[in-house]
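Chemist: Next one to model:
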Amino acid sequence: MEQLRRRLKEPDFKQAASLEELLAAFHAAGGQVRAVRQVPPGAPPFFGGAGVLDDFLVLADGSDEAIQAFAAHWGPLGICKHHLPWTHSLARRSPISPPPVCLPLGARAGRGREGWEPLGKWRDYARDAKAIVLDAFALRNRRARRQDQLEQLFSRVAVWLELAAVPLVSYAEVDAGRPWPCGFQATFAITGVFQILALQLLGVVAGGRELAQCTHCGLPFVLSGHREGKRRFCPSCVDRKIPMRYAARDYRARETGGRRRIARD
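Modeler: Reported below is the predicted structural model:
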């Protein structure tokens, strides 16, 4: 701003205008700058952020440090002053009198680079997501399903989707040799981790991917790839080498059983 004042006062001021000076002049003239997220070309995956839902479910009873580690890796939920994801303000907007769009807590003061979120809300959403996945797991494997249980499950997922307000974006990889519509498709435009969680919950409940319950910790998780054997272990238990403990225990049991048979013979 100081360079702009000098340029206006001193006609012989020769220094080239910087980006900050140009923006200051633009704002002084009443202009506004709006950053627009660019959608990369190609087909983004429906389940973008593989593993995010599995990691999120663990936070239902997780420590503050676990929540902070999740946010550092996957990103914040974007909680606003209403203690909801800020994207809730994008849903059901009326063109006649649209309400103002919410911002994540601390985003205005931190100019989008800093913010804060109540960890209690993280645990609330993690518990709700965990309950949805457990109910979906139980209902899917049950022959008789009550109408009210199904309606309650689907309405809870619908709340997540409405709060996430995930927009559709179209893309085209046009190829006249392909069947109609010749490469024209649509998918979801993801801008935050809450939207990924909502879509993955939709995929779990709608049957997009197979659910399993961890043999060791009992947490539900989404299977990725073919698994041999009856036991199923979630990614967290795999990282802690829990399957190796079970394998070692099975090996000792087989060895002990073999020695007993030999002794009897």
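Chemist: okay, CA-based contacts and neighbour counts for the rest of this
Modeler: Will do.
Chemist: Residue 82 and residue 102, how far apart?
Modeler: Relative to residue 102, residue 82 is positioned 9 Å away (C-alpha to C-alpha, to the nearest Å).
Chemist: Which one's more surrounded, the two?
Modeler: Per other C-alpha atoms under 10 Å, whichever of residue 82 and residue 102 has more neighbours is residue 102, with 18 against 13.
Chemist: To what extent is the nearest residue to that one once chain neighbours are set aside buried, counted in neighbours?
Modeler: Distance criterion C-alpha to C-alpha, 6 or more residues apart in numbering; nearest residue to residue 102, sequence neighbours excluded, is residue 86 at 5.3 Å. Neighbour count for residue 86, taken as other C-alpha under 10 Å: 22.
Chemist: quick thing: my sequence starts at 12, can you match it?
Modeler: With 12 as the first residue, the last one maps to residue 97.
Chemist: if I pick residue 97, what's in contact with it?
Modeler: Contact analysis of residue 97 by C-alpha atoms under 8 Å, 6 or more residues apart in numbering lists 89, 90, 91, 112, 113, 114, 115.
Chemist: overlap in contacts of residue 93 and residue 113?
Modeler: Common neighbours of residue 93 and residue 113 are not found (criterion: C-alpha under 8 Å, 6+ apart).
Chemist: All the strands of this structure, residue numbers only.
Modeler: Along the chain, counting by DSSP state E, strands occupy 179-183, 195-199, 222-224, 231-233.
Chemist: Not counting sequence-adjacent ones, nearest residue to residue 228?
Modeler: Excluding the flanking residues, the one nearest residue 228 by C-alpha to C-alpha, 6+ apart is residue 248, at 7.6 Å.
Chemist: Quick check: that neighbour touching residue 226?
Modeler: No. Contact between residue 248 and residue 226 fails when scored by C-alpha atoms under 8 Å: they sit 9.4 Å apart.
Chemist: What residues sit buried inside stretch 132-141?
Modeler: Within stretch 132-141, the residues scored as buried using 16 or more other C-alpha atoms under 10 Å are 133, 134, 136, 137, 138, 139, 140, 141.
Chemist: swap in stretch 102-111?
Modeler: Across stretch 102-111, burial judged by 16+ other C-alpha under 10 Å covers no residue at all.
Chemist: now the helices for the stretch 162-276 of the chain?
Modeler: 204-217, 246-250, 253-275 (DSSP state H, counting those that start in this stretch).
Chemist: so can I have JSON lines of the buried residues of stretch 132-141 showing distance to residue 207?
Modeler: Supplementary listing: these in JSON lines, determined by distance: C-alpha to C-alpha, whole Å:
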{"residue": "133", "distance to residue 207": "15"}
{"residue": "134", "distance to residue 207": "17"}
{"residue": "136", "distance to residue 207": "13"}
{"residue": "137", "distance to residue 207": "13"}
{"residue": "138", "distance to residue 207": "17"}
{"residue": "139", "distance to residue 207": "15"}
{"residue": "140", "distance to residue 207": "12"}
{"residue": "141", "distance to residue 207": "15"}
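Chemist: And the contacts of stretch 168-177?
Modeler: Identification of contacts with stretch 168-177 by C-alpha under 8 Å, 6+ apart yields 95-96, 98-99, 101-102, 143, 199-201, 205-206, 209-210, 212-213.
Chemist: Could I have the buried ones of those residues as ChimeraX selection syntax?
Modeler: Remark: buried members of the contacts of stretch 168-177, expressed as a ChimeraX selection using 16+ other C-alpha under 10 Å:
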select :95,96,98,99,101,143,199,200,201,205,206,209,210,212,213
